[in-house]
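Novice: Got a predicted structure here, sequence first:
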Amino acid sequence: MGWRPRDLELGHLPFLQGKGIANYLSDPVFRSRLATPPEESVEAMQMAVLAWVGMFGNHSVRAADVARLREWTDLPIAVKGVVHPDDARAVVDSGASGVVVSNHGGRQVDGAIAALDALPAVAAAVGDRASVLLDSGIRCGADVIKALALGADAVLYGRPWVYGLGVAGEEGVRHALRMLLADLDITLGLAGFASVAEVDASALRSVTG
């Protein structure tokens with residue numbers, strides 16, 4: 001993980017308490033490597049967390065490893081965190097079905113290129129060979145239109161629906177999604193488009209100082 005001063009100041013890493021790693025703790029292959037099931041005791045959970053630490057953030061993984069994943073599944077494989085066209089080409093060449101243009105919310109490398117700024121070059125590199133998704137900072141309909149105009153096929157929508165979940169549960173999630181879709185529909189009309197399928201680079205105007 002990146003150097004995160006706020007997390008360090010607060011001593012806050014929920015993973016070390018076994019929170020946020022349920023996809024590991026419920027996986028039969030991961031569990032087969034544990035001497036004791038993590039739910040049996042605090043000590044067993046600590047050992048499971050140590051096992052997780054040892055495999056999270058594997059620096060030996062490379063774009064070519066996507067080919068191995070492709071041998072294991074027919075499911076779509078999307079690689080997240082792509083901000084350079086060369087990386088996009090490499091993972092698609094290895095069998096990725098899609099790339100997620102993301103700088104992980106700017107929390108990994110301070111001053112990293114914004115996902116939106118990286119999007120056009122990545123979309124151009126991928127072409128029609130794979131889907132291009134944009135992650136990072138989608139908050140309103142206009143944000144969606146900008147992403148589509150710059151080459152995204154779709155966007156990821158994270159934090160707002162989580163806020164909705166916290167405020168009103170399942171209905172809060174529905175409400176957050178309805179608001180985004182309503183905003184998108186209105187903004188499309190105001191921009192002169194009948195549907196998202198019509199959105200292209202003509203929707204944008206570059207303004208420089």
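Specialist: Yep, that arrived. Numbers count the residues shown, from 1 in each chain.

Novice: Report all helices and strands that the longest helix along the chain contacts.
Specialist: Counting by DSSP state H, the longest helix found in the chain is helix 159-190. If contacts are counted by 3 or more C-beta pairs under 8 Å, 6 or more residues apart in numbering; DSSP states H and E, helix 159-190 sits against helix 141-149. C-betas here are computed from N, CA, C, even on glycine.

Novice: What strands flank the helix or strand just after the helix it packs on, and is each parallel or antiparallel?
Specialist: Toward the C-terminus, helix 141-149 is succeeded by strand 154-155 as the next helix or strand (DSSP states H and E). In the sheet, strand 154-155 lines up against strand 131-134 (parallel) (DSSP bridges).

Novice: Show me which positions of the strand it pairs with end up buried.
Specialist: Using 16 or more other C-beta atoms under 10 Å as the test for burial, strand 131-134 gives 131, 132, 133, 134.

Novice: now do stretch 31-46
Specialist: 34, 38, 44, 45.

Novice: Let's have these in a markdown table, adding pLDDT and distance to residue 143.
Specialist: Converted to a markdown table, those look like this (pLDDT from 0 to 100; distance: C-beta to C-beta, whole Å):
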| residue | pLDDT | distance to residue 143 |
| --- | --- | --- |
| 34 | 96 | 42 |
| 38 | 94 | 39 |
| 44 | 95 | 44 |
| 45 | 95 | 39 |
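
Novice: Which of these fall within strands?
Specialist: Counting by DSSP state E, the buried residues of stretch 31-46 place none of their members in strands.

Novice: Switch those residues over to TSV; also include distance to residue 120.
Specialist: As requested, the buried residues of stretch 31-46 are exported to TSV (distance: C-beta to C-beta, whole Å):
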residue	distance to residue 120
34	45
38	44
44	49
45	45
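
Novice: pLDDT averaged over the longest helix of the chain, what's the number?
Specialist: Computed over helix 159-190, the mean pLDDT rounds to 97.

Novice: Check the offset of that helix from the chain's centre.
Specialist: Here helix 159-190 is found 18 Å from its chain centre; the criterion is C-alpha atoms, centre = their mean, to the nearest Å.

Novice: you'd agree residue 153 is up against residue 130?
Specialist: No. Using C-beta atoms under 8 Å, residue 153 makes no contact with residue 130, being 9.1 Å away.

Novice: hmm, back to that, so which of the buried residues of stretch 31-46 are in helices?
Specialist: Among the buried residues of stretch 31-46, the members falling in helices (DSSP H) are 44, 45.

Novice: Let me know the closest of the buried residues of stretch 31-46 to residue 196.
Specialist: Nearest to residue 196 among the buried residues of stretch 31-46: residue 38, at 43.6 Å, using C-beta to C-beta.

Novice: Okay, and the residue nearest to the closest one when sequence neighbours are not counted sits in which element?
Specialist: Of all residues not flanking residue 38 in the chain, residue 48 sits nearest, at 3.8 Å (C-beta to C-beta, 6 or more residues apart in numbering). Assigned by DSSP H and E, residue 48 belongs to helix 42-55.
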